[in-house]
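Sequence plus the predicted model coming up.
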Amino acid sequence: MRYHSLLEEFMDIHYDHPAPAHDIPPEFIVSRLKKPAGRVSAVLDTDPFNEVDDQFALAYILRSPERIDLQAIYAAPFHNEKVASAAEGMERSYQETHRILALMGREGDCGQTVYRGSDRFLADEETPVDSPAAHDLVARAMARPDGDPLYVIAIGAITNVASALLMEPAIARKVVVLWLGGHALEWFNTKEFNMLQDVAAARVLLGCGVPVVLFPCNGVVSALTTTGPEIEHWLRGKNQLCDYLCDITREEAERNRQGPFWSRTIWDVAPVAWLLEMDCTETRLEPAPIPSYDGYYSICPCNHPILYVYSVRRDRIIGDLYTKLAR
């Protein structure tokens, strides 16, 4: 991607308009949105009890140590028919994270620390939710050297990350957030689970100027699906983790009454794949879309840039994922 020419093009198109409210210049944001070379420091914000794709993503990170130094894991809140509240969703995700680490033989010996996150969603766009996860993210981000950002891989509701940004706005210059949330800009709405759970948090993230790589769900990373025969062929019997992933994926399909011919999205692996040393996505700069509370995007051409992922190479990502998981 030719960032210099793209930045010039973006500025020519979008900045005959008033400047954004924050003080982070677009040149700085775009420089941070370049795909990093070499190994990066990262944290994972995840809600694995909600679905099955978070488990795949966590394992994918841990099987990619040559590129990703995972330093902490944050349990994100969620609320659906599986749990009685966002607090229970967060706690069950915290426990599920430990289960995956144990299945991989990584519990307690790999340097990661697992933190409980928010026990509720944001009440407004000014008040953070206090949690160990948010405090840890602030501390880790502020400790980063200016030229070496912390990559925040966020694959659930963005409450923990938005809370950290509200607690300490200066971390917007210290992190790059890779968020899987919302739907494609061309989709008829943006009523996607991660975004709809906490619209206020999504508005904080996309409105504050922090560098964001956005992975939309329907219309983009929805291409990352797998099927029963595929996971049975490539993963069954390879190790304890793979057997567990096969079991929970099949159980999720049965829970959703998908019948014998089913597929499941495992789109949460997309932000992980973007960080790896392979060509697996197509991206472009876009003005940050701001989600409205009624489930749609508000688009203003004067908004700061984000890096928008508009296509993924499904077979390349799934092939790399399954090869690593089966080790």
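Okay, I see it.

Report the contact partners of residue 264.
52, 53, 225, 226, 227, 249, 252, 253 (CB atoms under 8 Å, 6 or more residues apart in numbering). Placement of C-beta: from N, CA and C, glycine included.

I'd like the residues you listed written out as TSV, with secondary structure, distance to residue 234 and neighbour count added.
What follows is the contacts of residue 264, written out as TSV (DSSP: H, G, I helix; E, B strand; the rest coil; distance: CB to CB, whole Å; neighbours: other CB atoms under 10 Å):
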residue	secondary structure	distance to residue 234	neighbour count
52	coil	15	22
53	helix	16	24
225	strand	14	15
226	strand	9	24
227	strand	11	14
249	helix	12	25
252	helix	18	15
253	helix	17	19
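
Now for those: which two are most distant?
53 and 227 (14.1 Å; CB to CB).

What's the local residue count around the residue nearest to residue 101 when sequence neighbours are not counted?
In this structure, residue 101 finds its nearest non-sequential neighbour in residue 107, 4.4 Å apart by CB to CB, 6 or more residues apart in numbering. Residue 107 has 15 neighbouring residues, counting by other CB atoms under 10 Å.

Helix, strand, or coil at residue 107?
Put simply, residue 107 is coil when judged by DSSP: H, G, I helix; E, B strand; the rest coil.

wait, doesn't it sit right on residue 100?
No: Residue 107 is not in contact with residue 100 according to CB atoms under 8 Å; the separation is 9.1 Å.

Provide the backbone phi and psi angles at the nearest residue to residue 290 once chain neighbours are set aside.
Of all residues not flanking residue 290 in the chain, residue 298 sits nearest, at 4.6 Å (CB to CB, 6+ apart). Phi and psi for residue 298, reported as degrees, to the nearest 10, are phi -100, psi 120.

pretty sure residue 298 is touching residue 207, no?
No: look at residue 298 against residue 207 with CB under 8 Å: they stay out of range, at 10.1 Å.

ok, these two, which is more surrounded?
Higher neighbour count among residue 298 and residue 207: residue 207, with 19 against 11, using other CB under 10 Å.
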